[in-house]
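In: got a predicted structure here, sequence first:
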Amino acid sequence: MAGFRAAIPTESIATLSALLDKALAEAPRLKSSVAALYRDPTTAIIAEGLVDWFWQSPIPSLYRENTGDEPGLLVEFTTIQRHTPGRSETRVSWHVDANFIGASGTQRVVWVPVDTVGRDAPGLEFAIPQKPVLKQTISEQFTIARPNGGVLTDQNLQEIFGDSYRSWRPVLEPGDCVMFDQWAVHRTDPQLDAAPRTAIEFRMYSLTDPPKRALEESNVLVSSAPGYVGPHPIHSATASA
């Protein structure tokens, strides 16, 4: 898990903000998958713009530096989020992304707000372990929590961390971002609700270590290179064999 200050140039953030405004104007749900936008002919051009923005941004380089691998984008699970004060449905409690994007593969999430968060508008809160935690322990707890939508309770956190974790609530300005993997325990910051904010979660995978869902499900959209959005290329190879 890492935070990056001023990682994205101001003009690039302005372009991203405009794209997110267009997406939310056309699909006014407070949480929208870029894949859903791509599948709708009326919003596909916005989704294509967001994928193009990703490849032109510094984010793929952040992935390379963090993992040593070449990235692809999980378009299926790249998500636009708008928080509106007073709206509980725009908040997510403790969870891990492995619950829905899968546990396998070298995955990273880069969370990019286009508004200031952590002062008036809520950003993210992370539970940071103070001693090593086994992935198996986290997996067992989110499996227990799955009937409740994968939301982890205080009891689940106690089972994962004991009393040995601290809270990290980063203050982020436009241009800042945070990166974490599918095992990071996090939630929408519950202490702030005074201002709206818009953000996007770019979910990436390794081209040499992709998640099973992308390999096994042909309806999962990825972008494995600039200019491509579709099923993982393995499905094209299988179809032509």
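Out: That came in fine, so what should we check first? Since the model is a prediction, treat every value here as computed from it, not as a measurement.
In: every contact and neighbour count from this point should use C-alpha atoms.
Out: Noted.
In: tell me which element residue 15 is part of?
Out: Taking DSSP states H and E as the definition, one finds residue 15 inside helix 10-26.
In: for that helix, what is the average pLDDT?
Out: Helix 10-26 carries an average pLDDT of 94.
In: over to stretch 216-234?
Out: Mean per-residue pLDDT for stretch 216-234: 88.
In: hmm, who's touching it?
Out: For stretch 216-234, the surrounding residues in contact (C-alpha atoms under 8 Å, 6 or more residues apart in numbering) are 35, 51-52, 55, 71-76, 207, 213-215, 235.
In: what do you get for stretch 56-71?
Out: With C-alpha under 8 Å, 6+ apart as the test, stretch 56-71 has contacts from 7-8, 12, 54, 106, 108, 110, 204-208, 224.
In: what's the closest of the residues you listed to residue 178?
Out: Distance to residue 178 across the contacts of stretch 56-71 (C-alpha to C-alpha) is lowest for residue 110, with 5.6 Å.
In: quick check: the closest one is in a helix.
Out: No - counting by DSSP: H, G, I helix; E, B strand; the rest coil, residue 110 is not part of a helix but strand.
In: before we move on, the earlier item: what does the helix holding residue 15 rub up against?
Out: Looking at what lies outside helix 10-26 - C-alpha under 8 Å, 6+ apart - the contacts are 30, 32, 37, 43, 46-47, 49-50, 53, 57, 80, 114, 174-175, 198.
In: rerun at 10 Å
Out: 27-32, 34, 37, 42-47, 49-50, 53-54, 56-58, 80-82, 112-115, 174-176, 198-200 (C-alpha atoms under 10 Å, 6 or more residues apart in numbering).
In: buried set for it?
Out: Residues 13, 16-17, 19-20, 23-24 are the ones in helix 10-26 that count as buried (16 or more other C-alpha atoms under 10 Å).
In: in space, what's closest to the spatially most central residue of the chain - neighbours in sequence excluded?
Out: With distances taken as C-alpha atoms, centre = their mean, the residue of the chain nearest its centroid is residue 201 (3.3 Å). Leaving aside its sequence neighbours, residue 201 sits nearest to residue 111 (C-alpha to C-alpha, 6 or more residues apart in numbering; 4.5 Å).
In: same question for residue 50.
Out: Closest residue in space to residue 50, ignoring its immediate chain neighbours: residue 19 at 6.8 Å, by C-alpha to C-alpha, 6+ apart.
In: what does residue 93 give?
Out: Spatial nearest neighbour of residue 93, excluding adjacent residues (C-alpha to C-alpha, 6+ apart): residue 187 at 4.8 Å.
In: next one: residue 178
Out: Excluding the flanking residues, the one nearest residue 178 by C-alpha to C-alpha, 6+ apart is residue 3, at 4.3 Å.
In: can you confirm that neighbour is in a helix?
Out: No - using three-state DSSP, the assignment for residue 3 is strand, not a helix.
In: was I right about it contacting residue 175?
Out: No - the pair residue 3 / residue 175 is not scored as a contact, 11.2 Å apart, by C-alpha atoms under 10 Å.
In: just the strands in this protein please.
Out: Using DSSP state E, the strands of the chain run over 2-4, 31-33, 71-73, 79-83, 108-113, 124-129, 165-168, 177-180, 186-188, 197-206, 221-222, 230-231.
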